[in-house]
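[1] sharing a sequence plus its predicted fold:
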Amino acid sequence: MKSVLKNKTMSIEKIPFDIPGKITIKLEDGRIIITPLKYFPELQKLSVEKRKKHTIVDDRTILFSFADSIYHLEDFIGLESNWKQR
């Protein structure tokens, strides 16, 4: 089964953290993904200022300076098992 996420044009443009209690991921193609932080307890514990200290790697991976976990675009849309297949 092919995943639309294998499309190399799907990439993260920015992560503004402008909605309290949610993570917003803006994609380069204009789509926006908004996910509750309750699904990411490690990020939820961080202040907004610490969440803003992140790096986008390979257009689909997010590293937060104050968190140990590595997050992939698939994690935020419920396809966390798919990134392992890449």
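    Everything's here; your move. Residues are numbered from 1 along each chain as shown.

[2] all contacts plus neighbour counts: C-alpha atoms, from now on.
    Fine.

[3] which residue ranges form the helices in the protein?
    41-44, 48-51 (DSSP state H).

[4] okay, the ones you listed in CSV with distance to F17 next?
    CSV is the format used below for those (distance: least, C-alpha to C-alpha, whole Å):
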stretch, distance to F17
helix 41-44, 11
helix 48-51, 7
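
[5] which residue packs closest to the residue nearest the centre of the chain, ignoring adjacent ones?
    With distances taken as C-alpha atoms, centre = their mean, the residue of the chain nearest its centroid is L73 (4.7 Å). Leaving aside its sequence neighbours, L73 sits nearest to R60 (C-alpha to C-alpha, 6 or more residues apart in numbering; 5.2 Å).

[6] now swap in S69 and tell me
    Per C-alpha to C-alpha, 6+ apart, closest to S69 is L63, 7.4 Å.

[7] and that neighbour, what pLDDT?
    At L63, the model reports a pLDDT of 97.

[8] count of neighbours near the residue nearest to V57 when sequence neighbours are not counted?
    Spatially, and ignoring its direct neighbours in sequence, V57 is nearest to L63 (7.4 Å; C-alpha to C-alpha, 6+ apart). Using other C-alpha atoms under 10 Å, L63 has 17 neighbouring residues.

[9] contacting residues for L63?
    H54, T55, I56, V57, S69, I70, Y71 (C-alpha atoms under 8 Å, 6 or more residues apart in numbering).

[10] mind doing that once more with 7 Å?
    Residues near L63 by C-alpha atoms under 7 Å, 6 or more residues apart in numbering: H54, T55, I56, I70, Y71.
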